[in-house]
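Chemist: Next one to model:
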Amino acid sequence: MSEMHVLLVHGMTGSGPWHWQQWLAGQLREQEGVVVDLPALPDADRPVLERWLPVLRERLAAVPPDAELVVAAHACGVALWLHHATTIEGRFRRADRVLLVAPPAPDWQYPDARGITPYPTDAAALRRAAGITRLVVGTGDPYLSMYQAHALAEALQVEMDVILDGEHLNTDAGYGPWPSVLRWARYGTVPLNDRFDSDPYTADHSRHRLRLV
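Modeler: Below you'll find the predicted structure:
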């Protein structure tokens, strides 16, 4: 059986010791047949696309061709993946599954972030970059309104899970241990629940269709 390779892409400031990405990496490393990669992108407090993108692509190129490739990106890491997807033109390793967690709004701006936003929202490119892509957002996220989240899901033509009171789905919002994201990484289980495993809201491509599942 081929191994599973999980690539975790952090956002601005990185993933601190209590962040769900660090927790997920620790959980997955205890499981047989799973390789975990959580690279430290350069100068994480000052994300620059031209510096981050080569690191992402270097890590993707290192994945064995017969491995199942799973990617989970958070915040500016989502924007990085969307830039990658739009510019690969079939030249880089295609992921099997991708989870996009709490991206910033396409028009988000920060003085020390260069090239990260605006990011492309090319649904066809996203399908070329991965077999399955899913979006997860939290209500109350200061960087992405629910209106913007639904518009993004519609533009990318992906299903979206809405975590009530999830905010930016980071350490400040209480997202260290997150059993649902572990089940998704290991088995592709959807929809994603909050950290307490409460029922989520799931939306399809249309912002007018939102259902409790």
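
Chemist: By neighbour count, which bits of stretch 133-144 are buried? Give me those.
Modeler: Buried residues in stretch 133-144, defined by neighbour count with 16 or more other C-beta atoms under 10 Å: Thr133, Arg134, Leu135, Val136, Val137, Gly138, Asp141, Tyr143, Leu144. The C-beta positions use only the backbone N, C-alpha and C, and glycine is treated the same way.

Chemist: mind listing what His168 touches?
Modeler: Ala75, Ala102, Gly138, Asp141, Pro142, Tyr143 (C-beta atoms under 8 Å, 6 or more residues apart in numbering).

Chemist: Surely Ala72 touches Trp20?
Modeler: No - between Ala72 and Trp20 there is no contact under C-beta atoms under 8 Å: 9.0 Å.

Chemist: Between the two, which contacts overlap?
Modeler: With C-beta under 8 Å, 6+ apart as the test, Ala72 and Trp20 both reach Val181.

Chemist: and which of the contacts of His168 is nearest to Pro118?
Modeler: Pro118 lies nearest to Tyr143 out of the contacts of His168, by C-beta to C-beta, at 13.7 Å.

Chemist: Need the nearest residue in space to that closest one, chain neighbours excluded.
Modeler: Spatial nearest neighbour of Tyr143, excluding adjacent residues (C-beta to C-beta, 6 or more residues apart in numbering): Pro104 at 4.3 Å.

Chemist: tell me which element the one you found falls in.
Modeler: Assessed by DSSP states H and E, Pro104 sits outside every helix and strand.

Chemist: surely it meets Val137?
Modeler: No - applying C-beta under 8 Å, one finds Pro104 not in contact with Val137, separated by 10.9 Å.

Chemist: Much appreciated, bye for now.
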